[in-house]
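> I'd like to go over a predicted model; first the sequence, then the structure.
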Amino acid sequence: MAVSVATSARRLVVAVPYLWLLLFFLAPFVIVLRMALSDAATALPPYAPHFEGLSTIGSFLSQLDLENFSLITDDPLYWQSYLYSLRIAALTTLIALGIGYPLAYAMAAASRRWQGLLLVLVILPFWTSFLIRVYAWIGILRPEGLLDMVLGGLGLAGEPLRLLNTETAVLIGMVYSYLPFMVLPLFTTLEKLDRSLLEAAADLGSTPLTAFLTVTLPLSLPGILAGCALVFIPAVGEFVIPDLLGGPDTVMIGKVLWNEFFSNRDWPLASAVAIVLLIVLVLPLVLLQRARLARGGAA
Amino acid sequence: MRKSSPGSVRRAFQPWNDPAAKPLVEFRGVTRRFGAVTAVGDLSLSLYPREFFALLGPSGCGKTTLMRMLAGFERPDAGEILLDGVDITAVPPHLRPVNMMFQSYALFPHLNVADNVAYGLKREGLPRVEIARRVEEMLALVKLEGLGRRRPDQLSGGQRQRVALARALAKKPKLLLLDEPMAALDRKLREATQFELMDLQSELGMTFMVVTHDQDEAMTMADRMAVMDHGKLVQIGPPDVIYEAPANRHVAEFVGDINLFEGRVAAIEGDLVKVETSFAGTIELDEEAPALGVGEPVLVGLRPEKIDLGHDEPIGVANKVAGEIWDIGYLGDFTMIQVMIGGEDGQLLKVALANRTRRIARPFAWEDKVWLSWDIEAGLVLRP
């Protein structure tokens, strides 16, 4: 009796996260998928067919099709924005890694007292609204804006830079916004790194550079992967930054999705765009995990 | 095990007494400070080729700093360090022909055993075949054949220690530094490893310097040891000299157990010194050419194993004192007995009795009235 109570209690505990996933991940996914397989219609909600009970399920299912997905693959607008989004996200990730790694390295090398302060400084921007911070960049980057004024004042630039509404502006905004997500996991792995390993490397004849390449870098690989994933994944679907800082050329998939949903009111097509985005993002993660498991098994 | 009769070989090995011997390592007036703390103060020390040298001291005495300066991880604030006559004070660690075995072993967790051992050889740019050969040789030396593909986290503590040793030996350094090499091993393994390390050292003909807080370890392995305290070398010498003729109270108390009697020199008759003590009466001891004055306050040190214990008053001995047994600690190979002399408020002495025969019924019991005695060669004079 007592055992079965304990067992059911344990089952309940295990069930809660599964229930959560079912309710807030799987159910919305099914709804979006169902919408993606429907057709747009001037109705409320703006798609057809509608599910009207189990008796007509046959005709309901027969009306679902992959038309939206074939449209996405046919129209270059979509796959071009996917590619563009991947490109921007990849660039953002690379730049964030380039800036974030030295930053995290310096933080990990700093004394305990400074570490706390530096950590707060990295997290501090989160205390202000994300939207306000991106708007602030408009003020900096716009013609005759803060950047132009400072550069002009120093006599470094004669004419306005015209950065706003370009890809550069988007990259600046993206790197700025996502940098903490790169720095924090890197800092955690670098901070855990046993200093005596570097001394051992030096003792065995490594220059500081060789020691970094043969010890620090391989041992911080988990941090690099985590940081890149944390930056790359949300960056692909980013909507706000390209919308505010970008121009007509910087059409990222998040913007396309927003347009389909709100401007064109084509919910099914927007859903299909979202599903493809999910696959584009999840597939590499699954492959990465597979590779890691395979490597772990071999070792 | 060492081949030919090792004792005699070892005894003859005393380069520190040979003025013509060229030291391998020389510390000359080396000082290292951390803020207001002087970790090593104006220290001079010479190590000789093929010597097994142990640096012994309590934690925080500066022994680790001294070793780290030799490896190049710390720069002295003053003084210089010479290796083979060359000033290496400013040479960075990766250019020194010195290797170190770290207390934590510091094995690279992302590399397997063979790659750990090969790490230093790869930095030398040796050909691949040569590296593989040397790695095999090193793994055989530390008896880890066939474990080259394991990762450090798949090894036992003892095996990890061997990998660390093999990695440090692989480059055939002039000088091997060992930082608390046995600290993480259990007692049995520690003893076996100590002897293996001594064999290795004489086989390879290298100079070893081991830093330890464990006096048994230092005394077992070292040709010569130095006792360090507060950044200074208090005494340097072979283990038996350190134990039997400690330079001062600190060394006497740090190395082994000792009973100390406070007293005054009552008389000096040639080599015989008589010291008047408060609880043990007049102690007579043999002191070669004593540089003492009558009336001078001194300490008499007496090691626990040099005291005889009996129920009857001994006759014809130089030193004897009556007491009562307060405590008996049976340790298997010997028994440590605490005896109170001079009544309730007197002085507690430690007496070590070797358990030379199997006897379940012990000859001594708590509260026994006993006599302690020792001859004139047993005690030693220390300045307070």
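Perfect, thanks for sending it. As the structure is a computational prediction, the values presented were derived from the model and not from experiment.
> nearest spatial neighbour of residue 57, chain-adjacent residues omitted?
In the absence of a named chain, chain A is used. Closest residue in space to A:Ile57, ignoring its immediate chain neighbours: A:Phe51 at 7.8 Å, by Cβ to Cβ, 6 or more residues apart in numbering or on different chains. All C-beta atoms are positioned from the backbone trio N, CA, C, and that covers glycine.
> that's the wrong chain, I meant chain B
B:Met228 (3.6 Å).
> okay, now the residue nearest to A:Ile57: neighbour count?
Neighbouring residues of A:Phe51 were enumerated by other Cβ atoms under 10 Å in any protein chain shown; the total is 11.
> what pairs with the closest residue to B:Ser278 other than its chain neighbours across the strands?
Using Cβ to Cβ, 6+ apart and skipping residues adjacent in sequence, the residue nearest B:Ser278 is B:Glu262, 6.6 Å away. Each beta-bridge partner of B:Glu262 is listed here: B:Leu299, as defined by DSSP bridges.
> relative to B:Val142, how far out is the most centrally placed residue in chain B?
Taking Cα atoms, centre = their mean as the criterion, B:Ala218 is the residue nearest the geometric centre of chain B, at 2.8 Å. From B:Ala218 across to B:Val142, the span is 22 Å (Cβ to Cβ, to the nearest Å).
> and if you look at B:Phe208?
Taking Cβ to Cβ as the measure, B:Phe208 and B:Val142 are separated by 15 Å.
> now do B:Leu82
If you go by Cβ to Cβ, the gap between B:Leu82 and B:Val142 works out to 30 Å.
> one step back: where's the residue nearest to the centre of chain B, which helix or strand?
Using DSSP states H and E, B:Ala218 maps to helix B:215-221.
> got phi/psi on A:Leu193?
Summarising the backbone geometry of A:Leu193 under the convention degrees, to the nearest 10, its torsions are phi -60, psi 130.
> quick one: contacts for it?
Listed by Cβ atoms under 8 Å, 6 or more residues apart in numbering or on different chains, the contact partners of A:Leu193 are A:Ala108, A:Thr216, A:Leu219, A:Ser220.
> the helices in the stretch 101-250 of chain B, which residues?
For the stretch 101-250 of chain B, the helices identified by DSSP state H, counting those that start in this stretch occupy B:113-123, B:128-141, B:157-169, B:187-204, B:215-221, B:239-244, B:249-254, in order along the chain.
> distance to chain A and mean pLDDT added to those, as CSV?
Compiled in CSV, the helices of the stretch 101-250 of chain B are given as follows (distance: least, Cβ to the nearest Cβ, whole Å; pLDDT from 0 to 100):
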stretch, distance to chain A, mean pLDDT
helix B:113-123, 3, 96
helix B:128-141, 13, 95
helix B:157-169, 7, 94
helix B:187-204, 17, 89
helix B:215-221, 21, 91
helix B:239-244, 28, 94
helix B:249-254, 27, 92
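> hang on, the earlier thing: can you verify the residue nearest to A:Ile57 is assigned to a strand?
No - the assignment for A:Phe51 (DSSP: H, G, I helix; E, B strand; the rest coil) gives coil, which keeps it out of a strand.
> if I look at it, how far off is A:Leu37?
The separation that A:Phe51 has from A:Leu37, given Cβ to Cβ, amounts to 12 Å.
> helix or strand: which one has the most centrally placed residue in chain A?
Central residue check for chain A by Cα atoms, centre = their mean: the C-alpha nearest the mean position is that of A:Pro234, 1.6 Å away. Here A:Pro234 sits within helix A:221-236, counting by DSSP H and E.
> what distance do you get for A:Thr7 to chain B?
35 Å (Cβ to the nearest Cβ, to the nearest Å).
> name the element that residue belongs to?
helix A:2-21.
> tally of neighbours for B:Val40?
Here the neighbour count serves as a burial measure; for B:Val40 (other Cβ under 10 Å) it reads 29.
> that one pairs with what?
In this structure, B:Val40 bridges to B:Arg32 when assessed by DSSP bridges.
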